[in-house]
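In: Build me a structure from this.
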Amino acid sequence: MQRRDILMNTTATLGGALTAGCASVAATPAAPSPFTLAVPTVPIAGGGEVFPVHRIYCIGRNYAAHAREMGSDPTREPPFFFQKPNDAIQFVPPGQTVDHPYPALTRNYHYEVELVAALHSGGRNLSAAQALQHVFGYAVGLDMTRRDLQSDMKDQKKPWEIGKSFDLSAPIGPIHRAAQTGHFPRGAITLSVNGTVKQKADLDQMIWSVAEQIAKLSEAFELKAGDLIYSGTPENVGAVVKGDVMLAHVDGLPDIALRVV
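Out: Numbers count the residues shown, from 1 in each chain. Below you'll find the model as predicted:
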């Protein structure tokens with residue numbers, strides 16, 4: 001049997017050498033391939049390691065006030081999820097303001113600040129009681145949204161990936177190990193634009209906790225190491241234009257800043 005050699009060539013490190021965008025590792029396939037496919041990664045705080053991204057799951061309307069502003073009933077109906085491609089991530093090093101391109105096709109481009117949970121293991125039909133055992137760490141993230149395209153698809157009763165699942169639509173800071181930070185049942189979560197606070201809530205206002213989200217997701221999907229879960233955004237989502245600077249904050253994690261260009 002031939003050995004399978006995995007070549008981990010990181011394109012970035014945390015010490016300021018990392019350029020904004022999607023860090024990646026290259027894997028040598030077991031059989032010949034006509035091209036090399038990079039595996040997107042996010043740097044892990046506190047060293048030179050990176051977190052390979054398998055899938056990105058997002059939960060919709062997980063704060064009651066945001067559910068109301070989006071025209072939904074915020075009662076505890078089962079959570080719903082959507083996905084972004086794993087290469088939608090844009091890494092944002094703390095202490096820097098990274099350029100974030102205004103995407104094509106939209107005239108109503110919205111921010112949504114979120115706590116992101118990163119899994120080191122998974123499975124099917126996990127209980128909420130055991131779910132946090134699978135969390136490797138946490139990061140600050142943004143679920144950027146082409147709101148006009150999403151709304152058009154909703155009105156036509158069509159899938160709305162075009163509004164959510166596009167290039168660089170999932171900005172994220174470094175992943176911090178849960179062993180160091182603990183979990184995040186509460187704490188302020190905010191988003192500022194040009195120094196003015198636009199979104200402000202507490203993580204304990206989530207309708208579904210991170211543990212419950214993991215449990216519900218595992219009923220529909222086999223969760224795996226490398227999965228990222230964007231856990232929902234508070235109310236007062238809104239539009240940004242070129243030149244705006246967004247600052248995303250979660251208590252206990254470093255802020256991330258992006259300039260729309």
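In: hey, let's count contacts and neighbours off CA atoms from now on
Out: Fine.
In: Centre of the chain to the longest helix along the chain, how far?
Out: As assigned by DSSP state H, the longest helix anywhere in the chain is helix 210-220. Relative to its parent chain, helix 210-220 has a centroid offset of 16 Å by CA atoms, centre = their mean, to the nearest Å.
In: Average pLDDT for stretch 160-170, rounded please.
Out: Averaging pLDDT along stretch 160-170 yields 97.
In: May I see the buried residues of it?
Out: Neighbour-count burial for stretch 160-170 flags 160, 161, 163, 164, 165, 166, 167, 168, 169, 170 (criterion: 16 or more other CA atoms under 10 Å).
In: try stretch 172-182
Out: Neighbour-count burial for stretch 172-182 [16+ other CA under 10 Å]: 172, 173, 174, 175, 176, 177, 178.
In: And the first one, how close does it get to residue 158?
Out: Summarising the geometry, the distance separating residue 172 from residue 158, computed by CA to CA, to the nearest Å, is 28 Å.
In: and if you look at the second one?
Out: Computed as CA to CA, the residue 173 to residue 158 distance reads 32 Å.
In: Identify the residues contacting the residue nearest to residue 254 when sequence neighbours are not counted.
Out: Leaving aside its chain neighbours, residue 254 sits nearest to residue 94 (6.1 Å; criterion: CA to CA, 6 or more residues apart in numbering). By CA atoms under 8 Å, 6 or more residues apart in numbering, the contact set of residue 94 is 173, 174, 254, 255, 256, 257.
In: go again using 10 Å as the cut-off
Out: 14, 16, 172, 173, 174, 253, 254, 255, 256, 257 (CA atoms under 10 Å, 6 or more residues apart in numbering).
In: which of those has the most neighbours?
Out: residue 172 (30 neighbours; other CA atoms under 10 Å).
In: Going along the chain, name the helices of the stretch 101-250 of the chain.
Out: 128-131, 147-155, 161-164, 178-181, 210-220 (DSSP state H, counting those that start in this stretch).
In: if we can go back for a sec, turn the contacts of residue 94 into JSON lines, including distance to residue 188.
Out: Listed next are these as JSON lines, based on distance: CA to CA, whole Å:
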{"residue": "14", "distance to residue 188": "25"}
{"residue": "16", "distance to residue 188": "27"}
{"residue": "172", "distance to residue 188": "17"}
{"residue": "173", "distance to residue 188": "17"}
{"residue": "174", "distance to residue 188": "18"}
{"residue": "253", "distance to residue 188": "11"}
{"residue": "254", "distance to residue 188": "13"}
{"residue": "255", "distance to residue 188": "12"}
{"residue": "256", "distance to residue 188": "15"}
{"residue": "257", "distance to residue 188": "17"}
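In: Which two among these are spaced furthest apart?
Out: 16 and 253 (17.6 Å; CA to CA).
In: excluding its backbone neighbours, what's nearest residue 194?
Out: Among residues not flanking residue 194 along the chain, residue 245 sits closest, at 5.2 Å (CA to CA, 6+ apart).
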